[in-house]
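**Student:** Here you go, sequence then predicted model.
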Amino acid sequence: MLALGALLVCGALLTLAALTTVFRRPDPPRWTRWSGELITLALVAAFALGIAYFIAGVSRAYEQGVSTVDLGLLAAVLAAAFVIARGLRLRTRPAHPVLTASEPSKPTPRAA
């Protein structure tokens with residue numbers, strides 16, 4: 001239960017991070033117009049269920065002791081989530097233009 005709860009929580013958070021790039025586009029795909037609330041509901045349900053499973057797993061581990069299988073699965077889930085999150089962060093990083101000495105910076109117009 002401990003690893004399943006962590007898997008659901010990490011999966012919901014990573015899915016939210018991945019979908020944020022799709023929904024924040026200036027011209028999002030057509031499917032985002034009708035499915036936004038359904039996706040939000042599914043992610044919140046998965047997150048809440050994951051928290052409940054994680055708490056139940058911690059309670060069970062406290063009462064019966066922690067097994068090495070549960071700890072191994074928990075470590076695997078957290079390591080995979082970390083690797084996927086780094087990949088998402090690198091993929092969604094905005095490209096900042098680098099100014100060179102030959103390109104003078106343009107002043108930004110001030111709002112009155």
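**Tutor:** Structure's in. What do you need?
**Student:** Looking at the residue nearest in space to the middle of the chain now. What's its pLDDT?
**Tutor:** Ranked by distance to the mean C-alpha position of the chain (C-alpha atoms, centre = their mean), the top residue is Leu14 at 2.4 Å. Among the per-residue scores, Leu14 shows a pLDDT of 88.
**Student:** if I pick it, what's in contact with it?
**Tutor:** By C-beta atoms under 8 Å, 6 or more residues apart in numbering, the contact list for Leu14 reads 81, 84-85, 88. All C-beta spots, glycine's among them, are computed from the backbone N, C-alpha and C.
**Student:** If any of those residues are buried, put those into a PyMOL selection.
**Tutor:** Those of these that count as buried under 16 or more other C-beta atoms under 10 Å are selected in PyMOL with:
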select buried, resi 81
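**Student:** can you put the contacts of Leu14 in a markdown table and add pLDDT and secondary structure?
**Tutor:** Shown next, in a markdown table, are the contacts of Leu14 (pLDDT from 0 to 100; DSSP: H, G, I helix; E, B strand; the rest coil):
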| residue | pLDDT | secondary structure |
| --- | --- | --- |
| Ala81 | 87 | helix |
| Ile84 | 86 | helix |
| Ala85 | 83 | helix |
| Leu88 | 78 | helix |
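**Student:** In the lowest-mean-pLDDT helix or strand in the chain, which residues are buried?
**Tutor:** The helix or strand of the chain with the lowest confidence, counting by mean pLDDT, DSSP states H and E, is helix 68-91 at a mean of 83. Neighbour-count burial for helix 68-91, counted by 16+ other C-beta under 10 Å, picks out 70, 73-74, 77, 81.
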